[in-house]
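Participant: kindly generate the corresponding structure for this input.
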Amino acid sequence: MGDPLFWLVFFSAALALNLSPGPDLLYVLSRTFSGGRRIGVIAACGVCSGALVHVLFAALGISAILATSALAFTLVKYVGAAYLLYLGIQALRSAGSGAALEFKAGPRTTAWRAYRQGVLVDLLNPKAAIFFMAFLPQFVRPEHGAVPLQLLLLGVLVVLVAIIVECGLVLLAARARTALRNNRTLSQWLDRVLGSILIGLGIRLGLSERV
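Facilitator: Prediction:
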């Protein structure tokens, strides 16, 4: 694994994949807009903590169950879809209230709640488990040692890329959030858009098939 080209390809792929919009990233951005930079960073840490669990499962081979068992995949898929729908509906119901409440009663989402939800958003996405099972083995080299340890190392590196990317986007979103402080109409529409996207992702996850 000392080949510079190997790492260039690996980190380029990891960066591109982490920049792709999905439930994790949209959840982090929604929490940033509603609760600010601190809540956004904590939400990102929650998402990445869930990803680390998937990495561990991939290294141990447990994620293969989701890839091969239709029942396990379907159960996790529907629970995850229902959770995304719940978050989307909550965003729609509270549209525009985040900016108004922030200066009177503090963030509407606690740090622990943002972290916990971030973990669940990632854990309840069977596609995330299958992603690690499909992506990481492409970079495993049997001659470089135990395969589970390689999977674990590569998975942790993907998550490190994810936390850097997501925290960078949180900082950008937090700066843009200042434009919402005195614009209730814009805040309402932002919550509606984010809520609709989360609902759409929930529906998409519910209709998805194993690949």
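
Participant: just want the most central residue of this structure.
Facilitator: The chain has Asp24 as the residue nearest its centroid, 1.9 Å off, counting by Cα atoms, centre = their mean.

Participant: what's the following helix or strand after the host helix or strand of it?
Facilitator: In the assignment (DSSP states H and E), Asp24 maps to helix 23-35. Using DSSP H and E, the helix or strand that directly follows helix 23-35 along the chain is helix 37-60.

Participant: for the helix or strand hosting Arg113, give the mean pLDDT please.
Facilitator: Using DSSP H and E, Arg113 sits within helix 111-123. Average pLDDT, helix 111-123: 92.

Participant: sorry, back to before: from the contact counts, what lies against the helix holding Asp24?
Facilitator: Other elements packing on helix 23-35 under the criterion 3 or more Cβ pairs under 8 Å, 6 or more residues apart in numbering; DSSP states H and E are helix 37-60, helix 70-93, helix 97-105, helix 111-123, helix 147-177, helix 184-207. Any C-beta I mention is one placed from the backbone N, CA and C, and that applies to glycine too.

Participant: in TSV: those helices, plus mean neighbour count and distance to Leu136.
Facilitator: TSV is the format used below for the helices and strands packed on helix 23-35 (neighbours: other Cβ atoms under 10 Å; distance: least, Cβ to Cβ, whole Å):
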stretch	mean neighbour count	distance to Leu136
helix 37-60	22	6
helix 70-93	18	19
helix 97-105	14	37
helix 111-123	20	16
helix 147-177	18	5
helix 184-207	18	22
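
Participant: okay, those helices in CSV with distance to Phe139 next?
Facilitator: Shown next, in CSV, are the helices and strands packed on helix 23-35 (distance: least, Cβ to Cβ, whole Å):
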stretch, distance to Phe139
helix 37-60, 12
helix 70-93, 24
helix 97-105, 40
helix 111-123, 21
helix 147-177, 6
helix 184-207, 26
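
Participant: among the ones you listed, which gets the worst mean confidence?
Facilitator: helix 97-105 (a mean of 41).

Participant: one step back: now the angle between helix 37-60 and the helix holding Asp24, please.
Facilitator: With axes from the mean of the first three to the mean of the last three Cα atoms, to 10 degrees as the basis, helix 23-35 and helix 37-60 are set at 160 degrees to each other.

Participant: tell me the mean pLDDT over helix 23-35?
Facilitator: Averaging pLDDT along helix 23-35 yields 85.

Participant: just the CA trace of that helix, in PDB.
Facilitator: The C-alpha trace of helix 23-35 is given here as PDB (Å, rounded to 0.1, in the frame of the first residue of the first chain):
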ATOM      1  CA  PRO A  23     -29.400  11.400   3.200                       C
ATOM      2  CA  ASP A  24     -26.300  11.800   5.400                       C
ATOM      3  CA  LEU A  25     -25.100  15.100   3.800                       C
ATOM      4  CA  LEU A  26     -28.600  16.600   3.500                       C
ATOM      5  CA  TYR A  27     -29.300  15.700   7.200                       C
ATOM      6  CA  VAL A  28     -26.100  17.500   8.300                       C
ATOM      7  CA  LEU A  29     -26.900  20.600   6.200                       C
ATOM      8  CA  SER A  30     -30.500  20.700   7.500                       C
ATOM      9  CA  ARG A  31     -29.200  20.600  11.100                       C
ATOM     10  CA  THR A  32     -26.700  23.300  10.300                       C
ATOM     11  CA  PHE A  33     -29.400  25.700   8.900                       C
ATOM     12  CA  SER A  34     -31.700  25.000  11.800                       C
ATOM     13  CA  GLY A  35     -29.200  24.900  14.700                       C
END
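
Participant: all set now, cheers.
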